[in-house]
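Asker: Sequence and predicted structure are below.
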Amino acid sequence: MMRGLSLTARLGLLFAACTATVSLLAGVLFTRASEAHFIELDQQLLDRRLAAFRTLVGDLRAPDDLAPRLEALMAELRLHPDLALRLEGADGQYWFNSTEGLRAPGRDGLQDWQQEGVDYRVYGAPLRPGDPSSPRLSLALDITHHQHFLERMQRLIWLTVGLSALATALLGAWAARSGLRPLHRMADVASGVSARSLTTRLDEQDVPGELVELVRAFNAMLGRLDDAFQRLSAFSADIAHELRTPLSNLLTQTQVILAQDRPLEDYREALHSNLEELQRLAQMVGDMLFLAKAEHGLLTTRRQPLELATELDALLDYFAAIAEDRRVTLVREGDAQFLADRDMLRRALSNLLDNALRFTPPGGLIRLDLATRSDGLYLTVANNGEDIPAEFQPRLFDRFFRADPARREGREHAGLGLAITRSIVQAHGGEIHCESSGGWTRFILRFPAT
């Protein structure tokens, strides 16, 4: 299948067609204006000659009356060699014809006539207006030079149309090619994009105003790709790191236990230890599968009306023993109803409470607040303690992310809890963000009003 014309060729042909059309219309209008101008000049000339001839022979009654005025009439005609005169009586009989063989029409008014290749403009009128017996007078003006001028003008117009169309096509193609150069650069950048060149960007200053938004969108796309690739690379490194420790423990402990014969109790203890590591690995894989489903929109929620105060109180009762051991106070304020998946919501809130308990100092406070506002339902999990740096807060919900090594919470936590929480909140149409300042860290969940 043949490829269509390029955009440059199409624009060039379009410019050429527009220029040719405009030039042709202008030429036609100029030709018509010239013709009308010549007709107006001829009309004025014939009107003046008609008045002069009426003065000379206006009182003619018969052909014989023309003889005394014939020489004056011929002298007048010699002043205008391109003008012919014919006189005829009321009965149609010729009285005088300055050009032999001229058979101009005898109708009144201005009209064009061609005879033997010569163009005439004929003007007929009675010699004495209003007199039925008046002879008729016909003036024939040779307009061949006018016609030649108009023919040359038409040829010049066609030549101008052709040359202007060709010049416009070439200039239009050049202008289109120059204007599309940023798109070619964009194509070059796009063709060169790879995992190692995602930092390349197009300069907005070098493109026309119409393409600035496109360049911004293209640069933003490259930025998103770069960010996604960096996150994917970090995720691959993190998951390799997280899996390496339990796998190394399993391998080392198994090798040690098999290095020599041991009592049955030692084997049982080793198997229990391996079981813990395997359960941790299974939990991590399950969490990663959950996040993969969430990213592809495959999470299905079984929503039902929930009294959130009751749900939160049940969670606080579950964590009460741990909080008491750590001398942390748990408080819930507010009440609200919400249509949600109970199991998913409990999982999300359990992650937040578990996270708050691990980072709240002894004697601290964890507060859960419920509030219904015009823009939706707000659920806040707040705890006092060390502030999280602002630059780390947007990344708290990334998989395996830890703000700093000092806040590593131990081997039993893989760093997927907050990522799972965000996925659950988003599956319910909500959003979550973190605020940390003044000794308080708040995770704020907002759900749409239902």
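Answerer: That came in fine, so what should we check first?
Asker: Tell me which stretches of the chain form strands.
Answerer: Using DSSP state E, the strands assigned to the chain run over residues 83-88, 94-97, 109-115, 118-126, 136-142, 304-307, 329-333, 337-340, 365-373, 376-384, 431-437, 440-447.
Asker: just checking, what packs against the fifth one?
Answerer: What it means is strand 136-142. For strand 136-142, the contact count by 3 or more Cβ pairs under 8 Å, 6 or more residues apart in numbering; DSSP states H and E identifies helix 7-57, strand 83-88, strand 118-126 as packing neighbours. Backbone N, C-alpha and C define where each C-beta goes, glycine included.
Asker: How far off centre is that strand?
Answerer: Using Cα atoms, centre = their mean, to the nearest Å, the distance from the centre of strand 136-142 to the centre of the chain it belongs to is 68 Å.
Asker: Can you list the low-confidence ranges for the stretch 251-400 of the chain?
Answerer: Within the stretch 251-400 of the chain, the ranges that satisfy pLDDT under 70 run 296.
Asker: about what we covered before: compare the helices and strands packed on strand 136-142 and report which one is nearest to Arg177.
Answerer: Shortest separation from Arg177 across the helices and strands packed on strand 136-142 is recorded for helix 7-57, at 5.0 Å, computed as Cβ to Cβ.
Asker: residues contacting the nearest residue to Thr380 once chain neighbours are set aside?
Answerer: Distance criterion Cβ to Cβ, 6 or more residues apart in numbering; nearest residue to Thr380, sequence neighbours excluded, is Asp369 at 4.3 Å. The neighbourhood of Asp369, defined by Cβ atoms under 8 Å, 6 or more residues apart in numbering, consists of 332-334, 378-380, 382.
Asker: Show me the two of these that sit farthest apart.
Answerer: Checked with Cβ to Cβ, these reach their widest spread between Arg332 and Tyr378, with 13.9 Å between them.
Asker: anything in contact with each of these two?
Answerer: 369-370.
Asker: Could you pull up the contacting residues of the residue sitting nearest the centre point of the chain?
Answerer: When the chain is reduced to its mean C-alpha position, the nearest residue by Cα atoms, centre = their mean turns out to be Leu214, at 7.3 Å. Each residue near Leu214 by Cβ under 8 Å, 6+ apart is listed here: Met186.
Asker: My understanding was that Leu418 contacts Pro394; is that so?
Answerer: No. Checked against Cβ atoms under 8 Å, the pair Leu418 and Pro394 is beyond contact range at 11.7 Å.
Asker: Looking at these two, which is more packed in?
Answerer: Comparing Leu418 with Pro394 by neighbour count (other Cβ atoms under 10 Å), the higher total belongs to Leu418, at 21 against 11.
Asker: Let me know how buried the residue lying closest to that one once chain neighbours are set aside is, in neighbour terms.
Answerer: The shortest distance from Leu418 to any residue other than its chain neighbours is 4.9 Å, reached at Phe397 (Cβ to Cβ, 6+ apart). Using other Cβ under 10 Å, Phe397 has 19 neighbouring residues.
Asker: repeat for Ile143
Answerer: Using other Cβ under 10 Å as the criterion, Ile143 is surrounded by 21 other residues.
Asker: Quick check: it vs Pro361, distance?
Answerer: 111 Å (Cβ to Cβ, to the nearest Å).
Asker: Roughly how far does Leu225 sit from Ala190?
Answerer: As it turns out, when the distance is counted by Cβ to Cβ, Leu225 lies 11 Å from Ala190.
Asker: same deal with Thr19?
Answerer: Counting by Cβ to Cβ, the gap from Thr19 to Ala190 is 34 Å.
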